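Participant: build me a model:
(2 chains)
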Protein chains: 2
Amino acid sequence: MKHRVTFFPGNVTVDVDEGETVLDAAVAAGVHIDASCGGAGTCGKCRVLVEGPHRASGALEGHVLACQAFPEGELSVFVPAGSETRAGKIHSSYASVAPEVREPLAESIHVDMEAPSLGDNLADLERLRCALGRPSVGIALPSLRSLPSVLRSSGWSTNATIARMGEAEEIIEVRADDARDVGAAIDIGTTTVALELVDLSTGKVLAQASDYNRQMVAGEDVLARIAYAEEKGPERLQELIVGTINRLVERLCSVGGDLTSDGCYQADHIKALSIGANPAMTLLLLGLDPRHLRYEPYIPVVHEPPVVRAAELGLRAHPRAPVYCIPGRAAYVGGDVTADVLLSGMHLKDELSLLIDVGTNGEVVLGNSEWMVTCSTSAGPAFEGGEVSCGMRAMNGAIDSVTISNGELRISTIGSQEPIGICGSGLIDLVAQMFQGGWIDRKGRILSDGSERFRNDEGAVSVVIHSGETDILIDEDDIANILRTKAAIYAGCSVLLNSVDLTFGDVDRVFIAGGFGSHIDVANAQLIGLLPDLPRERFEFIGNGSLGGARMTLLSADARRAARSIFDSMTYLDLSSSSTFFDQYSSALFLPHTDLDQFPSVRARLKR
Amino acid sequence: MKHRVTFFPGNVTVDVDEGETVLDAAVAAGVHIDASCGGAGTCGKCRVLVEGPHRASGALEGHVLACQAFPEGELSVFVPAGSETRAGKIHSSYASVAPEVREPLAESIHVDMEAPSLGDNLADLERLRCALGRPSVGIALPSLRSLPSVLRSSGWSTNATIARMGEAEEIIEVRADDARDVGAAIDIGTTTVALELVDLSTGKVLAQASDYNRQMVAGEDVLARIAYAEEKGPERLQELIVGTINRLVERLCSVGGDLTSDGCYQADHIKALSIGANPAMTLLLLGLDPRHLRYEPYIPVVHEPPVVRAAELGLRAHPRAPVYCIPGRAAYVGGDVTADVLLSGMHLKDELSLLIDVGTNGEVVLGNSEWMVTCSTSAGPAFEGGEVSCGMRAMNGAIDSVTISNGELRISTIGSQEPIGICGSGLIDLVAQMFQGGWIDRKGRILSDGSERFRNDEGAVSVVIHSGETDILIDEDDIANILRTKAAIYAGCSVLLNSVDLTFGDVDRVFIAGGFGSHIDVANAQLIGLLPDLPRERFEFIGNGSLGGARMTLLSADARRAARSIFDSMTYLDLSSSSTFFDQYSSALFLPHTDLDQFPSVRARLKR
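Facilitator: Next up, the predicted model:
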């Protein structure tokens, strides 16, 4: 027996079998409900309001837990705003990189031809090829079908859009009028998807938007997605990410002039797409099976995916638009990391650079124009709001910065709103300041002075960060998770340096990439031992490198060639089989580190 | 109001509007009914038997003319065997050409790979590319999707099928078991379509079949097809030719072992297709608009079509199988002529060759390894059974050879059956023998001696070729049509020779191509002035050059490169704008020619 469930807002309807939960229905409908515990009924985050016949346990304040509620007839479900995730803002990309437009993925070329005659009886396609100066350029069959009428209706003065499919070029559109050609640069994060519409001739960003990755209905992190794909096949996850991207395209295109600075674009004006994403996200976009990423020896289907057509993936764009995915080196060092390197320019510099992409995995790249080594640290989602009771993503109401001075704790929140949790940069600040203020010790244990600031609930000590409608607390488990995350990243950096017999002191420049990277307070990150103890001027924030790299590769064949040479030349170190990683990790679980000699300036600050 | 019409044999049903004829219904249903007069009600060939409400004029012996019968309700139509066309046999291709297999259009390669490990963590695709020795070979998305499981289930010992898409190579299939890869060489004639299944590794022809081109429902000749496409769009004609090919594929593949010498093939074992066809047939296969072939300056959409996928055209084969069309030079000198040249090898020889493809258009090529000129003569369909009252195609019951000696006319028929008409080779023999025997004069006028052999019907004189159930007669109009056809071909040859200041005497070799070419009696063809008066040993028959060239290009990249260089280097002479063609043509309307000096051996024979 089937029950029909309709979700609001959105008015999305789905039929589910008897015995399936409202959360199951939400997954099937592609509606995101936050459910950190994965439907175990313990986190309480999946509260929804239901109208209609159902049975439920764990009802709370008129709401039910979606994971514990079973439809027993036609049901309406209202997903509260606090549960429906909202997209964070796109962090501005590395400002210093001016986009160079040279052989973009797709390009419109205007040509004037002589009309044919008995003495000049070249066929239509060969005439166009000749005028384009490309005697053997390919052409898509639909374009060839429209070619005779377009050439004649345009009076032999025609626009041809050339797409670059890997090494080959192909005419994907011919038009009598001027083509409006834009490209899409897309960062597919496990959590957030960001899309920029880019003018393919000037490189100008016309509009941008971001949204949560709808795949979240199948799990919050990469491993959950892979597990879902392994169990049910990659098709549903492919649909969900394509749906996410298509929704962004619709938002930017169909609405019109107000969102684009240069008038209204339609989806089929998008003539090329470039994608920066981690390996699992890249594979799932292409409908490829990611399961072997999970198992030793952790082999992706492909490092450098073939350029495919938008229509092959169901993407809303010109059907023949090339979809280029930035190549990636390993199962957990993907095109997003190649894009970071590309945007940082470290592959062009003689000086030694260390690049840290602070995300769930914490990828690290070390090297210069001659060599590069890389690893992925499985840092954990602490800085993205996961595995920390008060953690949340960087959105309105998140505490993003904390200072403690003279025993006083001060916070600021995104949007200056009433605080509802702490995002990554806030957590770094908080732990650093609590450590400096003597509220916690080097092992992250809370040093209660018995004041109201500290709360003791049957032996579990926590610190009150904010008292209000909802109290915001942090406890020792939370701090331990944060320490594990920072230790993994620092240890990854150490192992890479050791592998080439160098030390942090040899590093000329540290690039920080990743969504929240640009908001990190370097001094606090050094206080907790997340970032190495180097002078502030050696640090550079590049923001969303994946999106920036996608834009670069969208616009330039040089950038695509550089991406290939970057991923190709990187040596990958698998930390799970590294003999030294665990030692380095264990040493880094302290604040800032077991070996204080590595943090001389922190030692100096602590002595003050 | 619609009426349902069902055709037998075949049980094909179609709904037609009030006011449409049974012939219209047959066209819509794709059922071929011979209707030479195009539905004018004059040729009487479209007789069918009908059951059900209808109104008809011109009913004859219980039959109605399909073009004059209008359904007035549900109608059954029985198409007699004599009207439903039957396929002629494929003429054996140029025997001396042993197929060389070198970089065929598609090729299976077996590779053994090392299983990946932590120390050898290349991705699946890159591992396969490396084993194939093709670091940047493309791959079709469906193949990439199946790659991880195929590699692992095969124990890293896998077959990959590589397709050659123009300059680029692409993996279109990966299999754990041995691939059975065959190719299809296809000649698309305006009238007949021939298909060979070819083993792509040995070049061996496994099976062959031919059938009438179903486009005949839209007209007998190329111009009629183009006119149909111009009026109704090319889509229906594209469907019809694809349907013809798919039917041939089904006949050769699905039935199994008895039709192939090496077991049973399925359609998706066809991994590549190569097509030889005239320009209109090539364009219509690709769904391209052929209308501009009809109008000055006679410009085709394309000389060298891009390699497309079988699935893009709806062809029954592996969906990603490349479909290669042999490139052609001009609106009426197509890939079939390039194929003739390729098969003849004249492009490799220092000696001067003249190649004549005796079909509706009578294409001629003159040249050697250094240069080539070509033209198309619009000869007319006389040698294919058209425009001659007793004419028919080379099939059972056709008179294919005629001798007259001592006033006695002797005939032989294909299949030694009761004669029902005369095919091309028979017509050449007949006119030549009547001329030699003094039954007709040099202008083709019948010289009646008043005997029973000659019939005079109100001043219209005709010769009785055969008396029987159906009398077979030839009259002066028929002979005039034959003279026009032979004159056009001979004049085309003359104009080409003139254009390079050479004469027939300079020609070292004459290649005769075309379906019925191999059956021509050279001496008789010289007697009527169709072929030049050169020693017999200079003539060579290459048979179906289009099919032979399709097989060569299917099997060899060298042949495809040669095809490109042939079409590219041919100089095309447009006879409609030639100042000398009409003079040459007029001079050639006599038997054998106005200028008897050009036919010294014929003069000698006539004097005997």
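Participant: I'd say A:L125 and A:L144 touch.
Facilitator: Yes. Using C-beta atoms under 8 Å, A:L125 is in contact with A:L144, at 6.4 Å. To be clear about C-beta, it is placed using only N, CA and C from the backbone, and glycine gets the same treatment.
Participant: got the domain boundaries for chain A?
Facilitator: A:2-78, A:335-380+A:482-607, A:382-476 (automatic domain parsing).
Participant: so which of the ones you listed is nearest A:D187?
Facilitator: Of all the domains of chain A, domain A:335-380+A:482-607 sits nearest to A:D187, with 3.9 Å by C-beta to C-beta.
Participant: can you pull the residues of the stretch 251-400 of chain A lying near chain B?
Facilitator: Residues of the stretch 251-400 of chain A lying near chain B by C-beta under 8 Å from any C-beta of the partner chain: A:286-289, A:291-292, A:296-306, A:308, A:312, A:330-331.
Participant: which residues of the stretch 1-150 of chain A fall in strands?
Facilitator: For the stretch 1-150 of chain A, the strands defined by DSSP state E, counting those that start in this stretch occupy A:2-8, A:12-17, A:47-51, A:54-56, A:64-65, A:69-71, A:75-78, A:106-112, A:138-139.
Participant: ok, which of those strands comes nearest B:D178?
Facilitator: Of these, nearest to B:D178 by C-beta to C-beta is strand A:138-139, at 31.9 Å.
Participant: burial count for the nearest residue to A:L343 once chain neighbours are set aside?
Facilitator: Nearest non-adjacent residue to A:L343, counting by C-beta to C-beta, 6 or more residues apart in numbering or on different chains: A:G548, 4.0 Å away. By the measure other C-beta atoms under 10 Å in any protein chain shown, the count of residues near A:G548 is 28.
Participant: A:G548 should be in a strand, yeah?
Facilitator: No. Read with DSSP: H, G, I helix; E, B strand; the rest coil, A:G548 is helix and lies in no strand.
Participant: and it, how far from B:G362?
Facilitator: The gap separating A:G548 from B:G362 is 64 Å, by C-beta to C-beta, to the nearest Å.
Participant: give me every residue that touches the nearest residue to A:E72 once chain neighbours are set aside.
Facilitator: In space, and not counting its chain neighbours, A:E72 is closest to A:P53: 4.2 Å by C-beta to C-beta, 6+ apart. Residues in contact with A:P53 (C-beta atoms under 8 Å, 6 or more residues apart in numbering or on different chains) are A:71-75.
Participant: same deal with A:L125?
Facilitator: Counting by C-beta under 8 Å, 6+ apart, the residues that A:L125 touches are A:139, A:144, A:147, B:301-305.
Participant: ok, now A:Y490?
Facilitator: For A:Y490, the contact set (C-beta under 8 Å, 6+ apart) comprises A:529-532, A:584, A:588, A:593.
Participant: now do 10 Å
Facilitator: A:356, A:362, A:364, A:377, A:379, A:504, A:525, A:528-532, A:584-585, A:587-589, A:592-593, A:598 (C-beta atoms under 10 Å, 6 or more residues apart in numbering or on different chains).
Participant: what bridges to the closest residue to A:S569 other than its chain neighbours?
Facilitator: Excluding its sequence neighbours, the residue lying closest to A:S569 (C-beta to C-beta, 6+ apart) is A:M372, at 6.0 Å. Going by DSSP bridges, A:M372 is paired in beta bridges with A:G367, A:M570.
Participant: using the three-state scheme, assign the nearest residue to A:S578 once chain neighbours are set aside.
Facilitator: Leaving aside its chain neighbours, A:S578 sits nearest to A:V495 (5.7 Å; criterion: C-beta to C-beta, 6+ apart). The three-state assignment at A:V495 reads helix, by three-state DSSP.
Participant: hmm, A:V217 is touching A:Y228, no?
Facilitator: Yes. With contact defined as C-beta atoms under 10 Å, A:V217 reaches A:Y228; the gap is 9.2 Å.
Participant: residue contacts, the residue most central in space within chain A?
Facilitator: For chain A, A:G189 is the residue whose C-alpha lies nearest the centre (C-alpha atoms, centre = their mean; 2.2 Å). By C-beta under 10 Å, 6+ apart, A:G189 lies in contact with A:210, A:212-213, A:276-278, A:281, A:336, A:359-360, A:384, A:514-515, A:544, A:546-547.
Participant: and it, how close does it get to chain B?
Facilitator: Using C-beta to the nearest C-beta, to the nearest Å, one obtains 21 Å as the distance from A:G189 to chain B.
Participant: show me which residues of the stretch 451-600 of chain A are close to chain B?
Facilitator: Within reach of chain B by C-beta under 10 Å from any C-beta of the partner chain, the stretch 451-600 of chain A has these residues: A:564, A:568, A:572, A:574, A:576-577.
Participant: quick one: A:F504 and A:S494 touch, right?
Facilitator: Yes. Applying C-beta under 10 Å, one finds A:F504 in contact with A:S494, separated by 7.9 Å.
Participant: so the residue in the stretch 201-350 of chain A that chain B sits nearest to is in which element?
Facilitator: Going by C-beta to the nearest C-beta, chain B is nearest to A:V302 of the stretch 201-350 of chain A, at 4.0 Å. Here A:V302 is covered by no helix or strand, with elements defined by DSSP states H and E.
Participant: please name the nearest non-neighbouring residue to it.
Facilitator: Nearest residue to A:V302, sequence neighbours excluded (C-beta to C-beta, 6+ apart): B:L125, at 4.0 Å.
Participant: in strands, which of the contacts of A:G189 appear?
Facilitator: Counting by DSSP state E, the part of the contacts of A:G189 found in strands is A:210, A:212, A:276-277.
Participant: by neighbour count, which of the residues you listed wins?
Facilitator: A:G276 leads the ones in strands among the contacts of A:G189 on contacts (other C-beta under 10 Å) with 36 neighbours.
Participant: what number of residues lie near A:L473?
Facilitator: Neighbour tally, A:L473, other C-beta under 10 Å: 19.
Participant: which phi and psi does A:G415 have?
Facilitator: phi 70, psi 10 (degrees, to the nearest 10).
Participant: and the lowest-mean-pLDDT helix or strand in chain A, how far out from the chain's middle?
Facilitator: Sorting the helices and strands of chain A by mean pLDDT, DSSP states H and E puts strand A:47-51 at the bottom, at a mean of 78. How far strand A:47-51 lies from its chain's middle: 30 Å, per C-alpha atoms, centre = their mean, to the nearest Å.
Participant: direction included, what does it pair against?
Facilitator: strand A:64-65 (antiparallel), strand A:75-78 (antiparallel).
Participant: go through those strands and name the closest to B:V463.
Facilitator: It's strand A:75-78; of the strands paired with strand A:47-51, that one is closest to B:V463 (C-beta to C-beta) at 90.8 Å.
Participant: quick one: buried residues of the closest one?
Facilitator: Within strand A:75-78, the residues scored as buried using 16 or more other C-beta atoms under 10 Å in any protein chain shown are A:75, A:77-78.
Participant: ok, now stretch A:233-250?
Facilitator: Buried-residue list, stretch A:233-250, by 16+ other C-beta under 10 Å: A:234, A:236-249.
Participant: stretch A:444-462 now?
Facilitator: Going by neighbour count (16+ other C-beta under 10 Å), the buried part of stretch A:444-462 is A:444, A:446, A:454, A:462.
Participant: any stretches of the stretch 351-500 of chain A with poor pLDDT?
Facilitator: Scanning the stretch 351-500 of chain A for pLDDT under 70 picks out nothing.
Participant: please enumerate the helices of it.
Facilitator: A:424-436, A:476-499 (DSSP state H, counting those that start in this stretch).
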